[in-house]
Structures are given as C-alpha cells and as structure tokens.
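Engineer: Kindly return the folded structure for what I paste below:
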Amino acid sequence: MTATPASAYDPDPKIIQHDSQTTVYCPCRFNDPIDGTYFEKDDGGVGVKAVFGYTYPYALAKVEFHPYDEILWMYDVTNDGDGLYYKVSYEGDGGRYGVYTPPGTSDAWDVKKVNLDIPEGRTVTIAVYDDVKLTDHVATVRGTA
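Structural biologist: Coordinates of the predicted model:
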C-alpha cells in the first residue's frame with residue numbers, strides 16, 4: 001500500500017531545530033527527536049540539518065546535508081498522507097538542481113538517501129516546499145560540499 005502526499009500542510013510546518021557545523025572539526029553528533037545526526041570530518045564542508053514540525057519535540061520531517069560524500073538525507077516521520085519537497089541546488093555549473101522527497105509509503109517512517117555528487121567547496125542550497133509544484137515555500141537552509 002502506498003500513500004500519496006496531500007496538497008499541503010495547513011499551516012506550514014516550521015523549523016523546530018536547526019544545526020549547522022563546519023565539518024573540519026568533526027566527527028560530531030547532534031541529537032534531535034528523530035534519530036540524531038552524525039557528520040563526518042570533511043575539510044571545507046559545512047553540514048546542515050533542519051527538523052520540521054509545529055512544536056518541539058514533535059517532528060514531522062527532517063532534511064540533512066552531509067558534506068562527506070555529498071549526501072542528502074530526507075525523513076518523513078508522520079504517516080499523515082503529506083510530505084515536504086526539497087529543491088537542492090548548488091552554485092556553478094549553470095545552476096543545476098534536483099527535487100527530492102521521501103517515498104510516501106504507509107510505513108511509520110519514510111527515509112530517502114541521495115548521493116548528490118557535488119564538487120567540493122560549492123554552496124548547497126536546500127529550498128523546502130510544502131507542495132509538489134514548489135509554490136508553497138517553507139524554509140531554506142544552506143551547507144557547503
């Protein structure tokens with residue numbers, strides 16, 4: 001059985017936890033109400049994590065950018081028929097980007113991991129939307145590959 005995302009949360013969720021770390025000083029760990037985040041050492045990188053919900057510690061979703069191997073992790077942790085969409089872009093190469101979202105199944109948690117293969121040192125922008133058409137902007141977070 002597969003759940004399909006609804007049109008949008010109303011009201012939009014907000015960032016209830018945001019962590020950003022220069023990863024030259026890692027390994028480092030950040031706790032959160034989902035499963036925590038572990039950034040590995042990556043000279044010149046900046047890892048970023050944002051947890052979304054309405055009140056802490058009740059999370060709906062999480063996105064992480066890991067500079068080591070340029071990995072994007074996305075979590076949808078409420079089986080409510082809705083989800084967030086992540087438009088990931090980086091500077092250079094003509095403004096390349098991709099749009100990603102967890103699979104939206106009937107599982108209690110949906111997790112998706114994407115290897116972005118972004119060149120080292122590039123600023124990575126993750127624009128978060130509450131709809132597949134990318135018209136309902138929720139937040140933007142940035143890291144460095």
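
Engineer: Parallel or antiparallel, list what pairs with the worst-scoring helix or strand of the chain on mean pLDDT.
Structural biologist: Least confident element among the helices and strands of the chain, by mean pLDDT, DSSP states H and E: strand 97-100 (a mean of 93). Applying DSSP bridges, strand 97-100 is found paired with strand 85-90 (antiparallel).

Engineer: Quick check: Asn115 vs Lys87, distance?
Structural biologist: 17 Å (CB to CB, to the nearest Å). Yep, even glycine has a C-beta here, placed from its N, CA and C like the rest.

Engineer: Tell me which of the two has more neighbours.
Structural biologist: Using other CB atoms under 10 Å as the criterion, Asn115 and Lys87 rank with Lys87 on top: 16 against 9.

Engineer: what sits against Pro102?
Structural biologist: Ala61, Met74, Tyr75, Asp76, Gly83, Asp110, Val111, Lys112 (CB atoms under 8 Å, 6 or more residues apart in numbering).

Engineer: is it true that it lies in a helix?
Structural biologist: No - counting by DSSP: H, G, I helix; E, B strand; the rest coil, Pro102 is located in no helix; its state is coil.

Engineer: List the contacts of the residue nearest the centre of the chain.
Structural biologist: Nearest to the mean C-alpha position of the chain, by CA atoms, centre = their mean, lies Val63 at 1.9 Å. Contacts for Val63 were tallied using CB under 8 Å, 6+ apart; they are Lys49, Ala50, Phe52, Leu72, Trp73, Met74, Tyr75, Leu84, Tyr86, Ile126, Val128, Val141.

Engineer: Good, wrapping up.
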